[in-house]
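Novice: Here's my sequence, what's the structure:
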Amino acid sequence: MARGARTLRLSVIVVTHLGGDWLRRSLASLVGQLSELDELIVVVSAEPGQADLDSLPPCILLELGHNPHYAAAANAGLARAQGQWLLVLNDDTCADPDFVAELMAAAVAPGMYQPRILLADGTGRLDNAGHGLLPDGFNWAIGREDAGQDYGEAGTVGACSGAAFLVHRAVLDRIGVFDEDLVAYGEDVDLSLRAKRAGFALRYVPQARIQHALGASQGRFSEQKVFWVERNRVRVALRSMPRGALVFWPAFAGARVGLLMLARAQGKGWSAKAPNSAIPAALKGILAGVRLSPDALNKRRADQAHWSTSEATMWQHIWQHRVRWRDLSR
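Specialist: Residues are numbered from 1 along each chain as shown. This is a model prediction of the structure:
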């Protein structure tokens, strides 16, 4: 990543496609929390004149002139950033007044830090407290639609959510930035697992709170989204999961799909909310991921040069942050 003559404390990078009220709301929640040692970067992934960028607060505006999708747009912001710490946000987020201070207070060592993300519907319900994992690359937003727990204790997470996370520059200097071949969806889990493999901690900071308008960009269950999600899960698993998970990947994936179909038949879980067209889209995505497996395995071999987390520790990580049946069947 490029560095300027002066290294700042924090770079906040907000990626937007069409701008508008969501972006203005997000930036307004942030500007009062930043100091002269921080910078605010807005990356616009749209054709010239397509995005509504009126009445934005002072910020560095990086207009790409086209839409390269999320991973490449976020990487453009990361390349421009000068901060030691990098806070990556979706434009449909709105931070609590002490969000930045709480997040930075918890960031005591290089790693990735996950805030508590709430739904932006005024109910105070949790969107997620990071991601849980399954060995086939499946991930689930921990705490979503779970009214039984507060998730108010700090700890670790299986993976950080791309909607809002903080990362130290040293992490990206070691492992690289988002994998642009993923295009969109799953790039946050991919980056998190690569960081874990390299020995960095993935921490949850519940006192840092931010709201997120879930599904504001492409909806929660569009065919295109389901396809990308399933395709990228295969690639993430092949790149970073333990060797045993790769050997038994068909069994893990088959069991997971079977459980989702069981939940759907019972009218439970997210699979029951998805349209029938999402099922063939998911199968197409899985097949596309399998076809691209040589690329993922080549990246795995390249990554191994800086791995410091053992296979046993990775299995422990997956087990500690596993997705449970109750998560799938809510």
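Novice: Could you pull up the mean pLDDT of stretch 214-223?
Specialist: For stretch 214-223, mean pLDDT is 63.
Novice: Could you tell me the model confidence score at Gly269?
Specialist: Predicted confidence (pLDDT) for Gly269: 66.
Novice: Ok, Met1 next?
Specialist: 50.
Novice: Repeat that for Leu126.
Specialist: Leu126 is given a pLDDT of 91.
Novice: For it, give me its contacts.
Specialist: When contacts are counted by Cβ atoms under 8 Å, 6 or more residues apart in numbering, Leu126 touches 116-119, 143-144, 146, 151. Just so you know, the C-beta spots here come from the backbone N, C-alpha and C atoms, and that holds for glycine as well.
Novice: Backbone dihedrals for it, please?
Specialist: Leu126 has phi and psi values of phi -80, psi 130 when expressed as degrees, to the nearest 10.
Novice: Counting by contacts, list what the strand or helix carrying Ala251 packs against.
Specialist: Per DSSP states H and E, Ala251 falls inside helix 249-265. Applying 3 or more Cβ pairs under 8 Å, 6 or more residues apart in numbering; DSSP states H and E, we find helix 249-265 packed against helix 223-240, helix 269-273, helix 325-328.
Novice: how about the nearest residue to Leu34, chain neighbours excluded?
Specialist: Leu40 (6.2 Å; Cβ to Cβ, 6 or more residues apart in numbering).
Novice: Let me fix that, I meant to ask about Ala71.
Specialist: Nearest to Ala71 is Phe178, by Cβ to Cβ, 6+ apart, at 4.0 Å.
Novice: from memory the one you found sits against Glu187, does it?
Specialist: Yes. Using Cβ atoms under 8 Å, Phe178 makes contact with Glu187 at a distance of 4.6 Å.
Novice: the strands in the stretch 1-150 of the chain, which residues?
Specialist: 8-16, 38-44, 60-63, 83-90, 93-95, 111-119, 126-128, 131-133, 139-141 (DSSP state E, counting those that start in this stretch).
Novice: which of the helices and strands packed on helix 249-265 is buried the deepest?
Specialist: Mean neighbours per residue, mean count of other Cβ atoms under 10 Å, is largest over the helices and strands packed on helix 249-265 for helix 223-240, with a mean of 23.
Novice: Report the strands that pair with the helix or strand harbouring Gln207, each with its relative direction.
Specialist: Element membership of Gln207, judged by DSSP H and E, is strand 201-212. In the sheet, strand 201-212 lines up against strand 93-95 (antiparallel), strand 111-119 (parallel), strand 155-156 (antiparallel) (DSSP bridges).
Novice: tell me the most buried of the ones you listed?
Specialist: Mean neighbour counts for those (mean count of other Cβ under 10 Å) peak at strand 111-119, with a mean of 25.
Novice: where does the stretch 201-330 of the chain dip in pLDDT?
Specialist: Within the stretch 201-330 of the chain, the stretches with pLDDT under 70 are 215-221, 269-274, 277, 328-330.
Novice: switch to 50 and redo it
Specialist: Applying pLDDT under 50 to the stretch 201-330 of the chain picks out no residues at all.
Novice: go on, the stretch 1-150 of the chain?
Specialist: In the stretch 1-150 of the chain, residues with pLDDT under 50: 2-5.
Novice: cutoff 80 now
Specialist: 1-6, 145-149 (pLDDT under 80).
Novice: Now do stretch 56-63: everything it contacts.
Specialist: Counting by Cβ under 8 Å, 6+ apart, 19, 23-24, 27-28, 31, 39-44, 46, 48, 51, 53, 76-77, 80 sit against stretch 56-63.
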